[in-house]
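*Asks:* any chance you could fold what I've pasted below:
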Amino acid sequence: MMMLRRLLRKRWVLGVVFGLSLIYFLTSTLKQEERTIRDRTLLEVRDPDHRIPWKVRFNLGNSSRQITQCRNSIQGKTLLTDELGYVCERIDLLVNGCCNVNAPSSRQYICKSCLANGCCSIYEYCVSCCLQPDKQPLLERFLNRAAEGFQNLFTAVEDHFELCLAKCRTSSQSVQHENTYRNPQAKYCYGESPPELLPV
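*Replies:* Numbers count the residues shown, from 1 in each chain. Next up is the predicted model:
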């Protein structure tokens, strides 16, 4: 212990520690700057006429397109939503990621916990309801209005399913004062208007 104290008192040791700290700080700062420049470049390169490919409604039974894999909402403890708009219990999820459409729990385009303003109490129902083909005009209006304000957030969105996942998960309209939900019972929103503010 005594030897360590003597070593730390020497100026060259302090110089080495300072030098290493400075090198670490500079490399971290440069890496962050590179990421910022790369993200800015991606936004500038992105085609402003980029269109979201909207899913059309079809049943697995009569579709000419053979679905081999489905993306799904992944995060739910008991419920999941697949990209075809089906909500099912986790135990009814097939190995390909799609809900088993023959399972009693599977329902397509279900808005069970959703209010008229497009806010829902359950995330998976929000995504399923948002995937309804008749919601396309509403989502297009949102994208056109939000293009500037949420450009970073929605840059990675490639299709209708990804848009609904992001819209239901990240609605800043659902919060008040950045730390409280406007309506804790309906906090997942795909609609245009914010949830009704509940009195505290």
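
*Asks:* what sits against the closest residue to Leu198 other than its chain neighbours?
*Replies:* Using CB to CB, 6 or more residues apart in numbering and skipping the chain neighbours, the partner closest in space to Leu198 is Asn183 (5.1 Å). Placement of C-beta: from N, CA and C, glycine included. Contact analysis of Asn183 by CB atoms under 8 Å, 6 or more residues apart in numbering lists Cys119, Ser174, Pro195, Glu196, Leu197, Leu198.

*Asks:* would you agree Asn183 falls within a helix?
*Replies:* No - counting by DSSP: H, G, I helix; E, B strand; the rest coil, Asn183 is not part of a helix but coil.

*Asks:* just want the most central residue of this structure.
*Replies:* Ala166 (3.3 Å; CA atoms, centre = their mean).

*Asks:* burial of the residue lying closest to that residue once chain neighbours are set aside, as a residue count?
*Replies:* Nearest non-adjacent residue to Ala166, counting by CB to CB, 6+ apart: Val157, 5.8 Å away. Neighbourhood size, Val157 [other CB atoms under 10 Å]: 18.

*Asks:* equivalent analysis for the one 10 residues further on, please.
*Replies:* With neighbours defined by other CB under 10 Å, the count for Lys167 comes to 26.

*Asks:* so which helix or strand takes in it?
*Replies:* helix 160-169 (DSSP states H and E).

*Asks:* average model confidence for that helix?
*Replies:* Helix 160-169 shows an average pLDDT of 87 in the prediction.

*Asks:* all numbers from here: first residue = 30
*Replies:* New numbering, starting at 30: the last item is helix 189-198.

*Asks:* by contact count, what packs against that helix?
*Replies:* helix 152-159, helix 165-175, helix 180-183, strand 217-218 (3 or more CB pairs under 8 Å, 6 or more residues apart in numbering; DSSP states H and E).

*Asks:* alpha carbons of the second one, as CSV, please.
*Replies:* Translated: helix 165-175. The C-alpha coordinates for helix 165-175 follow below in CSV (Å, rounded to 0.1, in the frame of the first residue of the first chain):
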residue,chain,number,x,y,z
GLN,A,165,-53.6,3.7,-44.3
PRO,A,166,-54.9,7.2,-45.1
LEU,A,167,-54.6,8.1,-41.4
LEU,A,168,-51.0,6.8,-41.2
GLU,A,169,-50.1,8.6,-44.5
ARG,A,170,-51.3,11.9,-43.1
PHE,A,171,-49.3,11.3,-39.9
LEU,A,172,-46.1,10.5,-42.0
ASN,A,173,-46.6,13.6,-44.1
ARG,A,174,-47.0,15.9,-41.1
ALA,A,175,-44.3,14.2,-39.0
